[in-house]
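Student: Build me a structure from this.
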Amino acid sequence: MPAAGVEALVGQAIREHLMDSGSPDKDLIRAHVTRVYVQADHLVIELRAAKKEPPPGREDGKPPSRDSGQPEADRIVLRVPWTKPPSKRRHEIILPQSAAPQDARPIRAETRATLVASIARGRCWLDEIVAGTVTVDQIAVREQCSIRQVNMTISLAFLAPRLVQVAVDGRLPRGIGVTRLREAPAEWDRQYAMLGLSV
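Tutor: Numbers count the residues shown, from 1 in each chain. So this is what the prediction gives:
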């Protein structure tokens, strides 16, 4: 069960019931809740009943025993609509406009990892150059690669934010990786057009 989500719903329900806008959820739950039942489509929240004067003959304040035949104290029951969220988050693949939905295949996990790492590396190198701490030539020597390789990696730092997000989420279609995204146009709309995507 998603404990944090259930706790938030329970706290909100108690807050609305008591019209308490100041107390933290945990304090409200600790002070008022006796049980929470998780059903398929709702939560059943049992609250402690307000304290009442002891019945005649019970000055000690203890509730009557169940064997006495007297009804139990009324319970306060709240019902809150709830649906269990899916165990796995569903990701839709961003497809080129010309592609058929049945041909959708997500980017490979290894390709995604390489792409995300390359974007992060390009941003880091760009920050170093902007700060004036290194030059492209120095990065090439340090990383033992060509100047062209450095420039191509830095170009990934200029990808559209939304394009980077779908790459991180693994929602790019298979076939789009580092090679296709290097030296992409500076304009974000042209990047989408180059890939045939509508993000």
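Student: List the buried residues for stretch 142-158?
Tutor: 150, 151, 152, 153, 154, 155, 156, 157, 158 (16 or more other Cβ atoms under 10 Å). Every C-beta, even on glycine, is put in place using the N, C-alpha and C of the backbone.
Student: can you check stretch 185-199 too?
Tutor: Quick answer for stretch 185-199 (16+ other Cβ under 10 Å): 188, 191, 192, 195, 197.
Student: Residue 153 contacts residue 125, doesn't it?
Tutor: Yes - between residue 153 and residue 125 there is a contact under Cβ atoms under 8 Å: 6.5 Å.
Student: downstream neighbour of the longest helix seen in the chain in the secondary structure list?
Tutor: For the chain, the helix that runs over the most residues, judged by DSSP state H, is helix 109-131. Scanning forward in sequence from helix 109-131 by DSSP states H and E, the next helix or strand is helix 136-143.
Student: Show me what that following helix is packed up against.
Tutor: helix 109-131, helix 147-155 (3 or more Cβ pairs under 8 Å, 6 or more residues apart in numbering; DSSP states H and E).
Student: Give me the contacts around the shortest one.
Tutor: Read it as helix 147-155. 118, 121-122, 125-126, 129, 136-137, 139-140, 143, 182-184 (Cβ atoms under 8 Å, 6 or more residues apart in numbering).
Student: show me what contacts residue 135?
Tutor: Contacts of residue 135 by Cβ under 8 Å, 6+ apart are residue 129.
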